[in-house]
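[1] Generate coordinates for the sequence data below:
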Amino acid sequence: MFFLDTISTRVFFLSGFLLSATAGFAQTVKPDHVLQVTETVIQELQALNEENFTQASSVTRPTTQAMPRHVLFLARDRWRKVQLLRFMNGLETHGLDDVAVHQITPGEVKALVDQLLRETRELRPAYGLAESDLDAAMTSGKKPVDVYGSLIQVSAELQSLGVPATVPNDVYRVALTVSHSLEQIAEKQGVKVDLSGLKLEQGRTPVDAYRGALGLLQDLQTLTTDHSTYTVPGGVAIPDEKSKGISPDDVILVLSRALADVMAIMDVTQTASALTYAPYVGGKTPSDVYYEIKRAQHIISSLNDKAA
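    Numbers count the residues shown, from 1 in each chain. Below you'll find the predicted structure:
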């Protein structure tokens with residue numbers, strides 16, 4: 001995000017904050033507890049929308065299996081959007097640290113969404129609202145996918161409040177992080193990747209990038225299924241393909257899943273201790289995103305060939 005690189009009062013805390021949680025805490029937290037927090041975030045944003053005389057549409061919540069890692073990476077993108085809303089309302093904005101490479105637990109996801117809730121509640125005075133007493137009801141038997149769907153609704157509430165929609169620059173950063181992380185895996189495995197046949201793309205649309213991202217997930221699924229070296233907890237699941245109204249928001253949704261799975265591969269292959277996000281770059285287009293997706297697929301193909 002542009003303002004996170006220009007405002008001097010940045011706060012980088014997440015990795016240390018999450019890793020400081022005790023093992024016992026991480027084991028006792030369930031998706032039920034995480035969902036209660038994300039649903040409270042939705043209620044807080046709905047209260048802001050009411051004051052703003054706006055209303056978000058209800059989204060179709062997904063059913064595709066999700067792991068805590070997928071929820072964490074989506075929550076990080078929602079953090080980005082909440083920071084945009086804070087910036088729009090003159091509040092201090094906060095960044096997130098790189099992600100420590102390990103198996104993500106529900107407790108770590110809850111630590112992030114708890115902070116997301118606090119960041120959201122600090123917006124209330126800007127909308128003329130008093131201190132909050134909102135608290136969503138606790139439910140039982142929930143799964144990570146339920147939290148994942150709740151975070152999609154969070155995005156809809158934020159967009160209704162005027163937060164700018166995701167643009168190719170945002171998507172490119174995630175795509176570039178995916179390809180860079182795969183390069184690290186290839187280097188760790190001693191795999192040489194020939195990118196000489198890869199050419200720059202032109203005239204690509206968000207639909208092309210979206211379908212390419214789904215193809216990338218399918219390639220990751222094949223890699224992790226066919227070769228035990230790359231097998232990750234919970235496997236790689238492919239979400240149902242959206243048929244119309246595809247936007248950069250849909251592309252980043254798929255790529256955030258891919259990034260979570262790539263991080264899991266980095267963990268099982270002991271590639272690195274942290275996943276480092278690529279820097280934010282302006283002026284990017286869907287063609288640039290598509291190119292990075294194709295580059296990532298070339299790297300996966302090389303990993304497959306070496307492991308065969």
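
[2] quick one, strands of the chain?
    Assigned by DSSP state E, the strands in the chain fall at 99-100, 274-275.

[3] most tightly surrounded among those?
    strand 99-100 (a mean of 21; mean count of other C-beta atoms under 10 Å). Every residue, glycine included, has its C-beta placed from N, CA and C.

[4] helices and strands around that strand, which ones?
    Applying 3 or more C-beta pairs under 8 Å, 6 or more residues apart in numbering; DSSP states H and E, we find strand 99-100 packed against helix 14-19, helix 68-88, strand 274-275.

[5] hmm, 10 Å instead?
    In this structure, strand 99-100 makes packing contacts with helix 14-19, helix 68-88, helix 248-268, strand 274-275, judged by 3 or more C-beta pairs under 10 Å, 6 or more residues apart in numbering; DSSP states H and E.

[6] what would the ones you listed look like in JSON lines with mean pLDDT and distance to residue 216?
    Below are the helices and strands packed on strand 99-100 laid out as JSON lines (pLDDT from 0 to 100; distance: least, C-beta to C-beta, whole Å):
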{"stretch": "helix 14-19", "mean pLDDT": "43", "distance to residue 216": "26"}
{"stretch": "helix 68-88", "mean pLDDT": "97", "distance to residue 216": "15"}
{"stretch": "helix 248-268", "mean pLDDT": "98", "distance to residue 216": "5"}
{"stretch": "strand 274-275", "mean pLDDT": "96", "distance to residue 216": "16"}
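
[7] Torsion angles phi and psi at residue 97?
    phi -70, psi 170 (degrees, to the nearest 10).

[8] From residue 154, how far off is it?
    Using C-beta to C-beta, to the nearest Å, we find residue 97 at a distance of 21 Å from residue 154.

[9] likewise residue 100?
    24 Å.

[10] swap in residue 139?
    Taking C-beta to C-beta, one finds residue 139 at 17 Å from residue 154.

[11] same question, residue 178
    For residue 178 relative to residue 154 (C-beta to C-beta), the value is 23 Å.

[12] before we move on, what about residue 162?
    Using C-beta to C-beta, we find residue 162 at a distance of 15 Å from residue 154.

[13] residue contacts, the residue lying closest to residue 70 once chain neighbours are set aside?
    Spatial nearest neighbour of residue 70, chain neighbours left out: residue 260 (4.8 Å); criterion: C-beta to C-beta, 6 or more residues apart in numbering. For residue 260, the contact set (C-beta atoms under 10 Å, 6 or more residues apart in numbering) comprises 66-74, 76, 99, 104, 178, 232, 236, 275.
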